[in-house]
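would you be able to build a 3D model of this:
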Amino acid sequence: MYNHFLDTFIIVADCGSFTKAAGKLFISPTAVMKQMNALEAELELKLLERTPAGVHLTTAGRMIYQDAKFIIEYSRRALENACNSIHARDNTFRVGTSLLNPARPFMELWYQVNQDFPEYRLHLVSFEDDHKGILAEIEKLGEKFDFLIGVCDSRAWLSRCCFLQLGFYKKMIAMPREHRLASKKILRPEDLYGETLMMVKPGDSDVNDFLRNDLEMHHPQIRIEDTSQFYDLSVFNRCAETGNLLLSLECWKDVHPGLVTLPVNWSYEIPYGLLYSPSAPEEILRFIKSVKKYMNHK
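Below is the predicted model:
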């Protein structure tokens, strides 16, 4: 954590004197000077100008002074959160939530099975839908969070977690609100002729690969543009900015306010459900068992 000599440094800077700072700290001026010398040696920076009239901050000292209080408070909170997590871990389920993988479906599920876990509470942990970093987030199941809930038929995802399917979301098409097709209630593949459809690269999702093959074979009039392997907000922004169409899901219809998401008269859909660690502890497996029981009796 932070160097505790920062506390002394702040008092010295505020007092402008080793002697006055020593009086507030109830230690000797020599002890104060030794702490400041040690802090400067550790940081390899000169923080204080010593003069017969007192001490003054150097340029580096002013910069450290500006951030020192934040560093101290941030460290205090980090330590407090770590301690709280140790004490709360035994009766808390940590649920990941993001823009594209919100915790709402988990909350709805929780209210159906929480009678089996009266001593447990939920803690939501936010994460970013960064297409470059999402696999690292999946790998933190069991460490950063106990559960994620989201769409998943990605081979890359499934190689890193266990998955309990809860249902399906329909494959739909998103487009800017001013697009010529935006006023339609339902689309046909033929409506997309002459348009560019953005969708993920082939090779990771069986559903997406099958849909791509169908379009390329039976509807070559639709141009296909590859997006990144996993969606994040930048993909939806590109759809809004370029006027292209975007292969999307019914659960993402409200992700971008500038887009309209419409159903298509096809049968393509993708599974969604609970993701959890392959080495999940007993209480997580007990929760999964309760969810399975609930799903079997729906």
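
where's Arg286, which helix or strand?
Per DSSP states H and E: Arg286 is located in helix 282-296.

separation between the nearest residue to Asn237 once chain neighbours are set aside and Gln221?
Nearest residue to Asn237, sequence neighbours excluded (CB to CB, 6 or more residues apart in numbering): His256, at 7.2 Å. C-beta: built from backbone N, CA, C; applies to glycine. Going from His256 to Gln221 by CB to CB, to the nearest Å gives 26 Å.

could you find the closest non-adjacent residue to Thr8?
Going by CB to CB, 6+ apart, Thr8 has Gln35 as its nearest residue, at 4.8 Å.

which parts of the strand or helix carrying that neighbour are buried?
In this structure, Gln35 sits in helix 29-43 according to DSSP H and E. Using 16 or more other CB atoms under 10 Å as the test for burial, helix 29-43 gives 32-33, 35-36, 39-40, 43.

before we move on, what about stretch 108-121?
Within stretch 108-121, the residues that qualify as buried are 109-110, 113-114, 117, counting by 16+ other CB under 10 Å.

now for those, which pair is the farthest apart?
Taking CB to CB, the two most distant members of these are Leu109 and Phe117; they sit 11.9 Å apart.

just the pLDDT at Glu42, thanks.
Turning to Glu42, the model gives it a pLDDT of 89.

give the contact list for it.
Applying CB atoms under 8 Å, 6 or more residues apart in numbering, we find Glu42 in contact with 3, 5.

now it: how far from Gln35?
Counting by CB to CB, the gap from Glu42 to Gln35 is 11 Å.

overlap in contacts of those two?
What both Glu42 and Gln35 touch, as defined by CB under 8 Å, 6+ apart, is the set Phe5.

got the domain ranges for the protein?
Using automatic domain parsing, the domain ranges for the chain come out as 5-88, 89-166+272-296, 168-269.

compare these and say which comes out lowest on pLDDT.
Among the domains of the chain, domain 5-88 has the lowest mean pLDDT, at a mean of 84.

distance between it and the chain's centre?
Taking CA atoms, centre = their mean, to the nearest Å, one finds the center of domain 5-88 at 34 Å from the center of the full chain.

would you give the sheet partners of the biggest strand by length in the chain, along with the direction of each?
Determined from DSSP state E, the single longest strand within the chain is strand 162-176. Strand pairing for strand 162-176, using DSSP bridges, gives strand 245-249 (antiparallel), strand 259-262 (antiparallel), strand 269-276 (antiparallel).

which residues sit against the first one?
Around strand 245-249, the neighbours that count as contacts under CB under 8 Å, 6+ apart are 151, 169-175, 179, 181, 192, 195-200, 208, 211, 227, 235-236, 239, 259, 261, 270.

got it, and the last one?
Contacts made with strand 269-276 from outside it, assessed by CB under 8 Å, 6+ apart, are listed as 105-106, 109, 138, 141-142, 146-153, 157, 161-171, 205, 207, 249, 251, 284, 288, 291.

just the buried ones from the residues you listed?
Among the contacts of strand 269-276, those classed as buried by 16+ other CB under 10 Å are 105-106, 109, 138, 141-142, 146-153, 157, 161-164, 166, 168-169, 171, 205, 207, 249, 251, 284, 288, 291.

after the top helix by length along the chain, next one along is what?
The longest helix of the chain (DSSP state H) is helix 59-88. Using DSSP H and E, the next helix or strand after helix 59-88 towards the C-terminus is strand 92-97.

can you give me the distance of the spatially most central residue of the chain to Phe26?
Nearest to the mean C-alpha position of the chain, by CA atoms, centre = their mean, lies Phe127 at 0.8 Å. Distance of Phe127 to Phe26, computed by CB to CB: 45 Å.

ok, now Leu247?
68 Å.

same question for Ile134.
52 Å.

show me which of the two is the more surrounded one.
Neighbour count, other CB atoms under 10 Å: between Ile134 and Phe26, Ile134 has more, with 23 against 7.

sorry, back to before: list the contacts for the residue nearest to Thr8?
5, 8-9.

quick revisit: got a quick ChimeraX command for the buried subset of the contacts of strand 245-249?
Buried members of these can be picked out in ChimeraX with the line below, counting by 16+ other CB under 10 Å:
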select :151,169,171,172,173,174,175,179,192,195,197,198,199,200,208,211,227,235,236,239,259,261,270
